[in-house]
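Engineer: Fold the following for me, if possible:
(one chain, ligands or ions: 1)
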Amino acid sequence: MKTNNIEVSSRDNFGSRFGVLVAMAGSAIGLGNLWRFPYLMGENGGAAFIIIYLVFVFVLCLPIMFSEFILGRRSQSNVFGAFRVLAPGSKWGIIGIFGVLASICILSFYSVVGGWSIEYLVKAVLFDFTRAGSEANHATMFSDFVSSPVKPLLYHLAFMALTAFVVLAGIKKGIEKYTKMMMPMLFVMVIIIAIRSLTLEGAGAGVSYMFKPDFSKVTSGTFLAALGQAFFSLSLGCGTIMTYGSYVSKDENIMKCSAYTSIADTLFAIIAGCAIMPAVFAFGISPGEGPGLVFITLPRIFASLPLGGVIAILFFVTLLLAALTSSISLLEVFVSYLIEEFKMKRGGAVAIAFGIILLLGCFCSLSQGAMSGVKLFGMNIFDLFDYVSSNVLMPIGGLLIVIFVGWRLGKTAAFDELTNHGTLKIPQWLLETVFFIIRFVAPVTIAVIMIF
Ligand code: PHE
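Structural biologist: Numbers count the residues shown, from 1 in each chain. Model prediction:
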């Protein structure tokens with residue numbers, strides 16, 4: 001315990017409540033909101049998907065977020081060390097290994113898409129969208145870019161360099177400082193884009209698509225998509241909330257912090273939907289265009305929109321910043337693990353993590369072109385990383401975390417942490433309900449959905 005105490009006292013921490021909130025929201029708000037949520041909503045029946053998603057977020061995932069937060073803050077340790085502290089001599093550390101692997105896996109393809117957003121920002125600044133013309137040309141422009149051998153790799157490198165730059169500076173002087181600057185800008189920009197989109201002629205169809213549920217479109221796949229998206233969007237199951245939680249002071253209210261994070265994330269996803277769907281409908285495009293929505297459909301819309309040039313720039317800046325604040329949190333999971341478990345200096349840990357992600361990301365990027373023939377389980381490397389992290393590692397990580405908190409850490413310790421040793425007055429029924437979800441509802445639901 002003595003060594004742990006030394007570690008605790010020498011750890012960097014968030015400096016303010018606002019800092020904690022923006023960093024957590026920064027992790028949650030990302031490509032998941034701007035790129036994934038709109039197309040999943042488009043493919044899964046609009047409002048019906050949103051309703052199922054909301055239930056998952058606030059009933060199931062919020063208690064999972066509490067659990068991760070509890071583990072991080074109570075142990076004041078990285079995702080692996082947390083289990084060394086809370087369950088010494090046990091095998092539970094495997095959850096931490098899952099977390100580290102999941103974050104590496106996600107960051108490898110996430111940073112490639114982050115790189116694409118830099119390239120698209122450059123394209124927006126150079127008015128490339130106006131020149132491209134038809135939708136087919138936009139599709140070709142996108143596939144030519146992502147399949148080219150060198151350019152996407154350079155953008156991937158640039159994106160990872162930005163991420164590493166922030167993480168290298170530490171928690172207070174890096175993560176907190178930069179997310180505090182980026183997050184308010186993000187909200188302002190996405191609101192401006194939403195206003196532009198909502199005031200287009202014919203925008204009403206997009207609005208009713210988002211807010212009028214059509215349950216005939218709901219299948220079992222809708223539930224899986226909604227759960228996967230909730231996990232991904234809230235950054236659950238891969239140790240980011242645990243890691244950030246470990247830098248949060250002992251008098252912060254875990255339940256409030258988590259609730260604000262979930263609300264901010266959901267609000268952002270809905271505003272992002274309002275920025276995208278009304279424009280898609282106003283231009284008579286089908287909402288179920290899939291992953292190409294942001295990089296093919298939107299640029300084409302921007303090209304023919306009054307003021308579209310400015311909106312395009314705003315949109316890709318938003319996408320880039322959102323991706324950055326999330327990738328920072330992913331890199332920190334790996335970096336804090338290296339620092340604390342292998343007694344490395346932050347600089348060395350960042351260098352190693354950077355190198356590994358850079359290499360894996362290159363494979364993800366090349367799998368869109370030169371290496372597209374390399375397939376495992378019928379998927380290219382990029383899709384495999386995406387699939388394994390979102391559909392396997394994150395749900396299993398989440399499952400093991402709630403099992404750990406519900407069955408091993410136990411109620412007394414969990415309540416102690418949620419109430420800050422009894423100093424916060426949280427109604428008993430609420431605590432009991434949360435613990436019931438952590439202990440029974442969450443593990444069963446995740447297991448059932450994963451099996452089916
Ligand atoms: N939540 C982020 C997004 O929506 C992605 C992410 C997943 C970040 C897991 C950290 C951990 O884009």
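Engineer: low-confidence ranges in the stretch 1-150 of the chain?
Structural biologist: Scanning the stretch 1-150 of the chain for pLDDT under 70 picks out the ranges 1-10.
Engineer: one more time with 90, if that's ok
Structural biologist: Along the stretch 1-150 of the chain, segments meeting pLDDT under 90 span 1-11, 17, 35-36, 38-47, 127-139.
Engineer: and the host helix or strand of Leu400, does that touch the ligand?
Structural biologist: Leu400 is part of helix 394-403, with elements assigned from DSSP states H and E. No: remark: helix 394-403 sits outside contact range of the ligand, by Cβ under 6 Å from any ligand atom, the gap being at least 7.0 Å. For every residue, glycine as well, the C-beta is placed using N, CA and C.
Engineer: Can you name the residue of the stretch 151-300 of the chain nearest to the ligand?
Structural biologist: Residue nearest to the ligand within the stretch 151-300 of the chain: Ser235 (3.5 Å; Cβ to the nearest ligand atom).
Engineer: next one: the stretch 251-400 of the chain
Structural biologist: For the stretch 251-400 of the chain, Cβ to the nearest ligand atom, closest residue to the ligand: Ser326, 4.0 Å.
Engineer: I'd like to know how many residues surround the closest residue to that residue other than its chain neighbours.
Structural biologist: Leaving aside its sequence neighbours, Ser326 sits nearest to Gly30 (Cβ to Cβ, 6 or more residues apart in numbering; 3.2 Å). Applying other Cβ atoms under 10 Å, we find 29 residues neighbouring Gly30.
Engineer: again, but for Val57
Structural biologist: Burial measure for Val57: 23 neighbouring residues, criterion other Cβ under 10 Å.
Engineer: Compute the distance between it and Glu432, please.
Structural biologist: Distance of Val57 to Glu432, computed by Cβ to Cβ, to the nearest Å: 21 Å.
Engineer: picking that back up, mind checking which helix or strand the residue of the stretch 251-400 of the chain closest to the ligand is in?
Structural biologist: helix 308-341.
Engineer: Return the set of buried residues in that helix.
Structural biologist: 308-309, 311-341 (16 or more other Cβ atoms under 10 Å).
Engineer: Over to stretch 196-207?
Structural biologist: Arg196, Ser197, Leu198, Leu200, Ala203, Gly206, Val207.
Engineer: for the record, mean pLDDT for it?
Structural biologist: Regarding stretch 196-207, the rounded mean pLDDT is 91.
Engineer: what's that stretch in contact with?
Structural biologist: Stretch 196-207 is contacted from outside by 274-284, 287, 305, 307, 311, using Cβ atoms under 8 Å, 6 or more residues apart in numbering.
Engineer: before we move on, the earlier item: tell me the contacts of the residue nearest to Ser326?
Structural biologist: Neighbour list for Gly30: Tyr110, Ser233, Ala322, Ala323, Thr325, Ser326, Ser327 [criterion: Cβ under 8 Å, 6+ apart].
Engineer: The third one against Leu34, yeah?
Structural biologist: Yes: when contacts are counted by Cβ atoms under 8 Å, Ala322 is listed as touching Leu34 (5.8 Å).
Engineer: Name the residues contacting each of those two.
Structural biologist: By Cβ under 8 Å, 6+ apart, no residue touches both Ala322 and Leu34.
Engineer: helices or strands up against whichever strand or helix holds Asp144?
Structural biologist: Using DSSP H and E, Asp144 maps to helix 135-147. With contacts taken as 3 or more Cβ pairs under 8 Å, 6 or more residues apart in numbering; DSSP states H and E, helix 135-147 sits against helix 93-125, helix 128-132, helix 151-168, helix 297-303.
Engineer: If you count contacts, what does the second one end up packed against?
Structural biologist: Applying 3+ Cβ pairs under 8 Å, 6+ apart, one finds that helix 128-132 contacts helix 135-147, helix 297-303, helix 308-341.
Engineer: what about Ile191, how many neighbours?
Structural biologist: When neighbours are counted by other Cβ under 10 Å, Ile191 registers 14.
Engineer: Now it. Nearest residue, chain neighbours left out?
Structural biologist: In space, and not counting its chain neighbours, Ile191 is closest to Ile271: 6.3 Å by Cβ to Cβ, 6+ apart.
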